[in-house]
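# How does the following fold in three dimensions:
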Amino acid sequence: MFSASFPSHVTLVDVGPRDGLQNERQAVSAECKLELVHRLQAAGLREIEVTSFVSPKWVPQMADNAEVMAGIQRRAGVRYSVLTPNLKGLEAALPCKPDEIVVFAAATEAFSQRNINCSIAESFERFAPVVEAAHAEGLKVRGAISCALGCPYQGEVSADEVEHVVRLMKQIGVDHCGVADTIGVGTPRAVQRAMERALKHYPLVEVSGHFHDTYGQALSNIYACLEMGIHTFDASVAGLGGCPYAKGATGNVATEDVLFMLNGLGISTGVDIDQLVDAGAYISGVIGRPPASRVGKALLAKRDKVAA
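Residues are numbered from 1 along each chain as shown. Prediction:
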């Protein structure tokens, strides 16, 4: 299961514009969201999760989804993905020409009921026509398994529970399987056990990790995935984001922090760390607080010291 060496290249999927901003209480303008997307792609990000097509009643921050997608100055080689939890969302997204559709399911019944008010089985009944319709349009479908390492309502989550959802994703034709530690309680061995189950059903190139840093374990967990050869990870610029349904889950792992570690390991990403830090500083200024990224804070402080 484990590769003899780390991957030589890692793909970073920046979810800051969508997952990072969706729960901000203050409204972030479409103009600022577009500036963030443009800064991320200028820094070298080639996978950006831009927005979600969900009811503005539930996620008002994403009500400008079509405006944001229409305003992107698209670059060749950059893929722009959107979250579409149901067929209505997909139908709204299609005119905006996304490159990839994202769907999500929970690893536990408790979280599924609290998050989307239905069972895991019922959630897949909703997703199946979304996947079929997306494929008919030539779009790739990326799936995410929420609470794969721990659930705020159930507690521990077994590898068997994770594999059950992986199987369901495979059955309905989801192309890519992302394993998500929504509340940030995962530790390296537990992460590897969950990833092993995903890799039983999906090839290495179609498995990714999504880690929150609530308990300070995100980088360790990414390192554990690298040991397995996994080479795609979600991260959020400036450490933005969390989950409103997972109490205490404040913050995706910061893209800057992941990049700094990967640079130290000699793993290429194509991302410029200084431009990425600038992007993090920009959006942090927009929402009125310092970056959650430790690397971002350190490099900004270093610049200030040099300037002084």
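
# Below-threshold pLDDT in the chain: ranges please.
Scanning the chain for pLDDT under 70 picks out 1-4, 242-250.

# Which residue is most remote from the mean position of it?
Residue farthest from the centre of the chain, counting by Cα atoms, centre = their mean, is residue 308 at 36.9 Å.

# and the gap between it and residue 301?
Distance from residue 308 to residue 301, counting by Cβ to Cβ, to the nearest Å: 11 Å. The way it works is simple: take the backbone N, C-alpha and C, and place the C-beta from them, glycine included.

# the strands in the stretch 101-250 of the chain, which residues?
Ranges of strands within the stretch 101-250 of the chain are 140-146, 176-181, 207-211, 232-235, based on DSSP state E, counting those that start in this stretch.

# Looking at the ones you listed, which is nearest to residue 296?
strand 232-235 (12.1 Å; Cβ to Cβ).

# Moving C-terminal from the closest one, which element do we reach first?
As assigned by DSSP states H and E, the chain's next helix or strand after strand 232-235 is helix 255-264.

# Just the residues contacting that following helix, thanks.
For helix 255-264, contacts defined as Cβ atoms under 8 Å, 6 or more residues apart in numbering pick out 10, 12, 14, 16, 45, 213, 218-219, 222-223, 233, 235-239, 269, 271, 273, 276-277, 280, 291, 293-296, 299.

# next helix or strand past it?
The element immediately downstream of helix 255-264 (helix or strand, assigned by DSSP H and E) is helix 273-287.

# Would you mark the buried spots in that next one?
Residues of helix 273-287 classed as buried: 273, 275, 276, 277, 278, 279, 280, 281, 282, 283, 284, 286 (neighbour count, 16 or more other Cβ atoms under 10 Å).

# Which two of the residues you listed have the greatest separation?
With Cβ to Cβ as the measure, no two of the buried residues of helix 273-287 lie farther apart than 273 and 286, at 20.5 Å.

# Look at residue 203 and say how many residues are nearby.
9 (other Cβ atoms under 10 Å).

# Tell me the spacing between it and residue 177.
Where residue 177 is concerned, residue 203 sits at a distance of 10 Å (Cβ to Cβ).

# Who are the packing partners of the longest helix seen in the chain?
Counting residues, the longest helix found in the chain (DSSP state H) is helix 120-136. The elements that helix 120-136 packs onto, with contact taken as 3 or more Cβ pairs under 8 Å, 6 or more residues apart in numbering; DSSP states H and E, are helix 87-93, strand 100-106, helix 109-116, strand 140-146, helix 159-171.

# To residue 53, which of these lies closest?
Residue 53 sits nearest to helix 87-93 of all those, at 3.8 Å, using Cβ to Cβ.

# in that closest one, what counts as buried?
Applying 16+ other Cβ under 10 Å to helix 87-93 flags 87, 89, 90, 93 as buried.

# quick one: that helix to chain centroid distance?
Relative to its chain's centre, helix 87-93 lies at 20 Å (Cα atoms, centre = their mean, to the nearest Å).

# Need the residues that contact that helix.
Taking contacts as Cβ under 8 Å, 6+ apart, the residues outside helix 87-93 that touch it are 52-54, 65-66, 69, 82-84, 101, 126, 129-130, 133-134.

# Start and end of stretch 264-276, how far apart?
Using Cα to Cα, to the nearest Å, one end of stretch 264-276 lies 16 Å from the other.

# now the strands of the stretch 101-250 of the chain as CSV including distance to residue 114?
What follows is the strands of the stretch 101-250 of the chain, written out as CSV (distance: least, Cβ to Cβ, whole Å):
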stretch, distance to residue 114
strand 140-146, 11
strand 176-181, 16
strand 207-211, 19
strand 232-235, 22
